[in-house]
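1. Provided below for reference: sequence and predicted model.
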Amino acid sequence: MWQQKTIQLRPRQRGFHLITAEILQQVPELSQFNVGLMHLLLQHTSASLTLNENADPSVRVDFERYFNTSVPENAPFYTHTYEGRDDMPAHLKSSLLGVSLTLPITAGQLNLGLWQGIYLCEHRNSGGSRQLVITLQGE
Amino acid sequence: MWQQKTIQLRPRQRGFHLITAEILQQVPELSQFNVGLMHLLLQHTSASLTLNENADPSVRVDFERYFNTSVPENAPFYTHTYEGRDDMPAHLKSSLLGVSLTLPITAGQLNLGLWQGIYLCEHRNSGGSRQLVITLQGE
Amino acid sequence: MWQQKTIQLRPRQRGFHLITAEILQQVPELSQFNVGLMHLLLQHTSASLTLNENADPSVRVDFERYFNTSVPENAPFYTHTYEGRDDMPAHLKSSLLGVSLTLPITAGQLNLGLWQGIYLCEHRNSGGSRQLVITLQGE
């Protein structure tokens, strides 16, 4: 059995945001799958998806701080600079973290670890609404 | 055809460990699939999975050294510090490397490159046993 | 429905290369899938695959520059040095970016974002031809 849909995520500030609930709300179809996989593709090159701690917001603060340090704006070697100083770092962060997740489904629910949540990583200053293609498969 | 199971990996020291054999030992079901995919989800936020060289252990030594340098403990900007100085770096490394792999199955076996093996990347000083959800699908 | 094949990519220089067209040319089977997923595994440990901007080549120039800076050759702490100074950095870059992609198929085509393309990230000075296992599934 296959289900596929495209959803819009509400716009968020630059930073790391827990979006597990926003996604689950938009895929009630999940409950039909006894076993399967949910695949997510964020259709952008300046934001990303990752799994990480779903509890203390300070973890997400430190993600933003770490990536701003390890992927600096205004690096002297950047050549792609005409889309804003947040643009090239956003492309690099997007590939370091990735734009796609595949997650197991068990008994109609995502089978994540207790502390795992889905992050939308917004790397632009004004990224706007982001679009996600969700593909569910299983039986 | 779908098969899904949860397995425990034996505890390992902080560092990068080749676990291809330990996983394969626990999924004899693989031999039933002529063509398909094996999906692995590590249900944790302070360890990760990656594919890399399965031969010389010095590669795995250098992985540990590199990630300890690029994701330092005690960075002055960390706010999430109360779970130990190895905790926040472990979360960051987990997202840089990822907690999930999808691997092709061909003729009842994983179809990896000759030099590819599955690494468990243990980022905590005392991570304990780690849990993996394995989903096999194919025909 | 499942389809699986192994293809060779033509050799490329060290750097980041847009290969969406080269891949699509070799999977005419894609048009048979109304909904599904395409999985790619690069069977190597010193190159990688990522999705990023498919337009301005300056983005790919900056990827090469960034990764050469953040994963240096000749780091004093490397122990795995006998395969050339580009070898250990190539392994690290390969795991930072990953060797596998899973992409949605919709109406016989890849359903990527408008600006997304598939990059082959060649991290060796003379990597030669790279091999890709492509697994298509869907209905």
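-> Alright, I've got the coordinates. Numbers count the residues shown, from 1 in each chain, chains lettered A, B, ... in the order given.
2. Tell me, how many residues neighbour A:Asp87?
-> The tally of other residues near A:Asp87 (other Cβ atoms under 10 Å in any protein chain shown) stands at 20. (Each C-beta comes from the backbone N, C-alpha and C, glycine too.)
3. Could you tell me the phi and psi values at the residue in chain A that chain C sits nearest to?
-> Using Cβ to the nearest Cβ, the closest approach of chain A to chain C is made by A:Gln43 at 3.0 Å. Dihedral pair for A:Gln43: phi -90, psi 50, per degrees, to the nearest 10.
4. tell me the SS of the residue lying closest to it once chain neighbours are set aside?
-> Leaving aside its sequence neighbours, A:Gln43 sits nearest to C:Gly113 (Cβ to Cβ, 6 or more residues apart in numbering or on different chains; 3.0 Å). With DSSP: H, G, I helix; E, B strand; the rest coil as the basis, C:Gly113 sits in coil.
5. circling back to that earlier point, is the residue of chain A closest to chain C in contact with A:Leu132, as I believe?
-> Yes: in this structure A:Gln43 lies within contact range of A:Leu132 using Cβ atoms under 8 Å: 7.2 Å.
6. Next up, phi/psi of the residue lying farthest from the centre of chain A, please.
-> Going by Cα atoms, centre = their mean, the residue of chain A most distant from its centre is A:Pro76, 28.5 Å out. With angles defined as degrees, to the nearest 10, A:Pro76 sits at phi -60, psi -20.
7. ok, A:Pro28 to B:Trp2 distance?
-> Look at A:Pro28 and B:Trp2: by Cβ to Cβ, to the nearest Å, they are 21 Å apart.
8. repeat for A:Arg60
-> 34 Å.
9. These two: who's more crowded?
-> The neighbour comparison of A:Arg60 against B:Trp2 (other Cβ under 10 Å) goes to A:Arg60, with 22 against 17.
10. The more buried one is in what secondary structure piece?
-> Assigned by DSSP states H and E, A:Arg60 falls within helix A:57-70.
11. just to revisit the earlier point, got a list of what the residue nearest to A:Gln43 touches?
-> Contact analysis of C:Gly113 by Cβ atoms under 8 Å, 6 or more residues apart in numbering or on different chains lists A:42-45, A:131.
12. Return a ChimeraX selection command for the buried portion of those.
-> Here is the ChimeraX command that selects the buried residues among the contacts of C:Gly113 (16 or more other Cβ atoms under 10 Å in any protein chain shown):
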select /A:42,43,44,45
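13. And the furthest pair within the contacts of C:Gly113?
-> A:Thr45 and A:Gln131 (12.2 Å; Cβ to Cβ).
14. Including secondary structure and pLDDT, could the contacts of C:Gly113 go into TSV?
-> Output for the contacts of C:Gly113, formatted as TSV (DSSP: H, G, I helix; E, B strand; the rest coil; pLDDT from 0 to 100):
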residue	secondary structure	pLDDT
A:Leu42	strand	98
A:Gln43	coil	98
A:His44	coil	98
A:Thr45	coil	98
A:Gln131	strand	98
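15. with the contacts of C:Gly113 in mind, which one is nearest to A:Pro72?
-> Ranked by distance to A:Pro72 (Cβ to Cβ), the contacts of C:Gly113 are led by A:Thr45 at 18.6 Å.
16. can you tell me how far that closest one sits from B:Gln8?
-> A:Thr45 is 38 Å from B:Gln8, where distance means Cβ to Cβ.
17. Okay, and the residue most central in space within chain A sits in which element?
-> By Cα atoms, centre = their mean, chain A has its centre lying nearest to A:Leu49, at 2.2 Å. According to DSSP H and E, A:Leu49 maps onto strand A:47-53.
18. Beta-bridge partners for A:Gly15, please?
-> Beta-bridge partners recorded for A:Gly15 (DSSP bridges): A:Glu122.
19. what pLDDT does A:Thr50 get?
-> What the model reports as pLDDT for A:Thr50 is 98.
20. And the one 4 residues further on, by the same measure?
-> Confidence at A:Asn54, expressed as pLDDT, is 98.
21. Near chain C, which residues of chain A are found?
-> Proximity of chain A to chain C (Cβ under 8 Å from any Cβ of the partner chain) is limited to residues A:2, A:4, A:39, A:41-45, A:70-71, A:75, A:77-80, A:88, A:91-92, A:94-96, A:98-100, A:102, A:131, A:133, A:135, A:137.
22. how long is stretch A:16-25 from one end to the other?
-> From its first residue to its last, stretch A:16-25 covers 19 Å (Cα to Cα, to the nearest Å).
23. Run through who's touching it.
-> Against stretch A:16-25 from outside (Cβ under 8 Å, 6+ apart): A:7, A:9-10, A:30, A:40, A:52, A:54, A:60-61, A:63-64, A:110, A:112, A:117-122, A:132, A:134.
24. Enumerate the residues of chain A near chain B.
-> So chain A meets chain B at A:35-37, A:50-53, A:56, A:58-59, A:61-63, A:65-66, A:69-70, A:96-98, A:101-104, A:106, A:111-116, A:119, A:137-139 (Cβ under 8 Å from any Cβ).
25. mind running it again at 6 Å?
-> Residues of chain A lying near chain B by Cβ under 6 Å from any Cβ of the partner chain: A:35, A:37, A:50-53, A:58-59, A:61-62, A:65-66, A:97, A:102, A:104, A:111, A:113, A:115-116, A:139.
26. Derive a ChimeraX selection command for the buried subset of the residues you listed.
-> In ChimeraX, a selection of the buried entries from those looks like this (16+ other Cβ under 10 Å):
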select /A:35,37,50,51,52,53,59,61,62,65,66,97,102,104,111,113,115,116
